[in-house]
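Asker: Next comes the sequence, and after it the predicted model I'd like to discuss.
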Amino acid sequence: MKRVGIVGAGGISRTHADRWSRMPDIELAGFYDIVEDAARGAVQRSGGKVFSSLNELFDAVDYVDVCTPGTAHVGPVVAALEAGLPTVCEKPLANSVADCERIVDAAERTGTPLFVAMVVRFFPQFAKAKQVLDSGAIGAPGVIRTVRSGSYPDGGSGWRKGLAITSYYADFAQSGGVLLDLCIHDIDYQRWCLGEIERVFARGMMFAGKEPKDHALLTVRFASGAVGHIEGSWSYPRGRSSTRIEIAGTKGVIEWDSRARQPVEVAIAQEDGSLASSGSSPTAPRHDPYYAELAHFVSCAEAEEPFLVTPYDGLMAVKISRAAIKSLETGKAVTIS
Amino acid sequence: MENAETRGPESSSEVRVGMFSFAHMHAASYIHFLAQMEGVTLAGIYDDDYDRGGRIAAQFNVPYFRRSEGLLDQELDGAIICSENALHAPLVLQAAGKVRGILCEKPIATTVSDGQAMIDRCRESGTKLQIAFPMRFSPPVMELKSQVESGVLGEVYSVKTTNHGSMPGRWFVDAKLAGGGAVIDHTVHVVDLIRWIWGTEVVEVYAEVGRELLHPGLGMDDVGLLSFQLANGIFGTLDTSWSRPPSYPTWGDVKLDVLGENGLICIDAFEQNLHVSSDEAGKTSDVNWGSSGDEGLVADFVAMIREGREPSVDGEDGLRALEVALAAYESARRTDPVQL
């Protein structure tokens, strides 16, 4: 039995806590949050205890899961690594390249395993697309396009609207807007599939003064010569989100669209004559991407094997997201150093 | 120089149309619709490819001309020019003043100077020059324009577009005749739609252009990603890539996603399809049942001649779209945005 402590009690913390609770041989030891009420709420929902300091948490656990906002990763992550505790760090690795470098240095210096929770690599359709690409079925990839678009992430729900994280997202100087919060998934995924990225060019609304709305269209150039396109949005109308993958190669194309027909569609006539319809795409519990990424962390940490996502991958994703923001600011293409 | 205006719109109720070259496959679609139209006479076919021209002339039971002069002597009202891109200019310059209207396949030309010369000569000789942008006549595109004009979106933020295609081969991959690859082939359609829908211009373009990324040995660009800024404040991207392999269900697409403060409108101009699985074809294909924009385009061209009105899509429209495509190549060379 391994004990896990979660640092931070916001939105993603709740998701992780739920998955840890369902994992065999894992005990959710509890939460630490600088806002003690938030930790208390998390404990009421998910169990464990409220820790009153990072050190108290470190003393009680085998693994640390850092779920604070990206601006507040560097402190707890470096401390956990120095304490020798294998650590999960939610994406982005940190919000600044400098913080990322401090974290990567700490991971190298201490040799403590650090897993960056780039969950998109664990979404079954994204993982399968990478597997098909690697099989050679579509030949050499030339163009990759991905979409990650929805409405502003207050979820429309009361509890989320009340969280400090909601105003954090809307403060683009803090959160980095869609480029750092959302497009980072696609940057990491595209880089995983097609290799190093040489330059980016971005257009978007980050500096348009329309917070919390944000929207960006990115072009990327890979070292291989291939090109990529990324759409990320917090401006879609609520209820109309979209996720897409398209990879075109010399011998074929891979496509997936979240808006394609769902495997389960429910249509129920209502008494007032209207129709209530919904669709879903259920998978086995172990293929839930959040469960899968945390289970991957545990199995690699125990077998002392490298993670699918390295600290360097986490650093590069932030570097490229930051370069995209710089491109927005300068109106120029930005080369990744 | 002859002046086309000496032949007034009422000179004949019949509109006599000559087809100049079937190098571009759109010509086959244009002649198909022309042949069905009331009051249109197919006066003949010129093609520098004897086999191709002769075969199609026989199919439609019209005279074949080995020289363009021969067809131009047939008292034509209209000339439809579907030669290789670089050969639009000589044919248009030759036909100007001899016909009332010219429908020239897109892109207008391969260089700005050719395009400008075509516009000037047609203007001087009183011949109306229309550029073939059939997507303006696609019902899903027309619906998008009407939705945008209704203001339902509120402030419009961005337009994300694709005009994917299959690698067309033949002269399309001969840089001299085509003027370039995927970027010149597919930039102009969507740029024209955007200019038309919003009555605006592209003021800046950045592009990543890829050569032989999808078709090794092609010797030219087969991938294009354009990122553009419009004069009206909207930004957007356009993917022009020839990224639809032979195993794909269809030749390509024209898609526009328009995002505004109140929501999103997405159109896919070629999404009205039957899904046909055929052992013969060895794959499942999309067979389109939608209304062809080509039919509307050709009808509009004939009506322009009959009514003696100005073209709905003129040479300037064609030239502006070409300039964006050429700026995309320039941007890719410089790795820097290009202002227009």
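Answerer: Thanks, I have it. Residues are numbered from 1 along each chain as shown, chains lettered A, B, ... in the order given.
Asker: Would you mind pulling the contact partners of stretch B:26-45?
Answerer: B:13-19, B:21-22, B:53, B:56-57, B:60, B:62-65, B:70-71, B:74-76, B:80, B:82, B:103, B:105, B:132, B:134, B:292, B:294-295, B:297-299, B:302, B:306 (CB atoms under 8 Å, 6 or more residues apart in numbering or on different chains). Placement of C-beta: from N, CA and C, glycine included.
Asker: what's the single longest helix in chain A?
Answerer: Among the segments of chain A that qualify as a helix by DSSP state H, the longest is helix A:311-330.
Asker: Just the buried residues of it, please?
Answerer: Neighbour counts using 16 or more other CB atoms under 10 Å in any protein chain shown place A:311, A:313-325, A:327-328 of helix A:311-330 among the buried residues.
Asker: picking up where we left off before, in PyMOL, select just the buried ones from the contacts of stretch B:26-45.
Answerer: Burial among the contacts of stretch B:26-45 is assessed by 16+ other CB under 10 Å; the matching PyMOL selection reads:
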select buried, chain B and resi 15+16+17+18+19+21+22+53+56+57+62+64+65+71+74+76+80+82+103+105+132+134+292+294+295+297+298+302+306
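Asker: give me the beta-bridge partners of B:Asp221?
Answerer: Counting by DSSP bridges, B:Asp221 forms beta bridges with B:Arg211.
Asker: Measure how buried it is and give me the count.
Answerer: 26 (other CB atoms under 10 Å in any protein chain shown).
Asker: go on, A:Val132?
Answerer: Residues near A:Val132, counting by other CB under 10 Å: 14.
Asker: for it, what are its contacts?
Answerer: A:138, A:254.
Asker: I'd like the distance between it and B:Trp242.
Answerer: Using CB to CB, to the nearest Å, A:Val132 is found at 21 Å from B:Trp242.
Asker: and what of B:Gly180?
Answerer: Counting by CB to CB, the gap from B:Gly180 to B:Trp242 is 12 Å.
Asker: intersection of neighbour lists for those two?
Answerer: By CB under 8 Å, 6+ apart, no residue touches both B:Gly180 and B:Trp242.
Asker: which one of these two has more residues nearby?
Answerer: Between B:Gly180 and B:Trp242, counting by other CB under 10 Å, B:Trp242 is the more crowded of the two (29 against 22).
Asker: The chain: helices as residue ranges?
Answerer: Since no chain was named, I'll use chain A. Under DSSP H, chain A gives helices at A:11-22, A:36-46, A:54-60, A:74-82, A:97-110, A:124-135, A:158-161, A:164-170, A:172-175, A:177-181, A:183-194, A:289-303, A:311-330.
Asker: I was thinking of chain B, sorry if that wasn't clear
Answerer: With DSSP H as the criterion, chain B has helices spanning B:26-35, B:50-60, B:68-72, B:88-95, B:112-125, B:139-150, B:175-178, B:182-198, B:293-307, B:315-334.
Asker: a markdown table for those helices, including mean pLDDT?
Answerer: Below are those laid out as a markdown table (pLDDT from 0 to 100):
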| stretch | mean pLDDT |
| --- | --- |
| helix B:26-35 | 96 |
| helix B:50-60 | 96 |
| helix B:68-72 | 97 |
| helix B:88-95 | 98 |
| helix B:112-125 | 98 |
| helix B:139-150 | 96 |
| helix B:175-178 | 96 |
| helix B:182-198 | 97 |
| helix B:293-307 | 96 |
| helix B:315-334 | 98 |
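Asker: per-residue pLDDT, the residue lying closest to A:Trp20 once chain neighbours are set aside?
Answerer: With CB to CB, 6 or more residues apart in numbering or on different chains as the criterion, A:Trp20 has its nearest non-adjacent residue at 4.7 Å, and that residue is A:Leu28. As predicted, A:Leu28 sits at a pLDDT of 97.
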